[in-house]
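*Asks:* Any chance you can model this:
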Amino acid sequence: MVLYEQFIESHSIYTKWVNGECVMDENEHMYLNWYYVYEMMLILEKYGFKNITHEDRFFNNENLMTFVAEVSE
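*Replies:* Numbering: from 1, shown residues only. Prediction:
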């Protein structure tokens, strides 16, 4: 990954075992983008949202951020 790149691609395989026998496989290919606070606010504004705020939260030992905005009419 390049320094300051805000994109990651991951591939995971999940396998369910019952009594030593594989009964199900699932492949997951995931693309994830993340944004800095003001980038996200600009994106929301671009798509017509207004009164945009954000809240920092701590949940399951992780710092999370939630954006709250109103839809423009």
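*Asks:* show me where this protein has strands.
*Replies:* Per DSSP state E, the chain carries strands over the ranges 7-18, 21-33, 49-59, 62-71.
*Asks:* would you list those strands in JSON lines and tack on mean neighbour count, distance to I43 and mean pLDDT?
*Replies:* C-betas here are computed from N, CA, C, even on glycine. JSON lines is the format used below for the strands of the chain (neighbours: other Cβ atoms under 10 Å; distance: least, Cβ to Cβ, whole Å; pLDDT from 0 to 100):
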{"stretch": "strand 7-18", "mean neighbour count": "9", "distance to I43": "15", "mean pLDDT": "94"}
{"stretch": "strand 21-33", "mean neighbour count": "9", "distance to I43": "11", "mean pLDDT": "93"}
{"stretch": "strand 49-59", "mean neighbour count": "11", "distance to I43": "9", "mean pLDDT": "92"}
{"stretch": "strand 62-71", "mean neighbour count": "11", "distance to I43": "10", "mean pLDDT": "91"}
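*Asks:* Which one of these lies nearest to M40?
*Replies:* Comparing the strands of the chain by their distance to M40 (Cβ to Cβ), the top pick is strand 62-71, with 6.1 Å.
*Asks:* send the alpha carbons of that closest one over as PDB?
*Replies:* In PDB, the C-alpha atoms belonging to strand 62-71 read as follows (Å, rounded to 0.1, in the frame of the first residue of the first chain):
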ATOM      1  CA  GLU A  62     -12.800   1.100  18.100                       C
ATOM      2  CA  ASN A  63     -13.100   4.800  17.400                       C
ATOM      3  CA  LEU A  64     -15.900   5.400  15.000                       C
ATOM      4  CA  MET A  65     -17.400   8.500  13.300                       C
ATOM      5  CA  THR A  66     -21.000   9.000  12.400                       C
ATOM      6  CA  PHE A  67     -22.100  11.800  10.000                       C
ATOM      7  CA  VAL A  68     -25.500  13.400  10.500                       C
ATOM      8  CA  ALA A  69     -27.000  15.500   7.800                       C
ATOM      9  CA  GLU A  70     -30.300  16.800   6.400                       C
ATOM     10  CA  VAL A  71     -31.600  16.200   2.900                       C
END
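*Asks:* Would you pull up how far it lies from the middle of the chain?
*Replies:* Its chain's average C-alpha position is 12 Å from that of strand 62-71, according to Cα atoms, centre = their mean, to the nearest Å.
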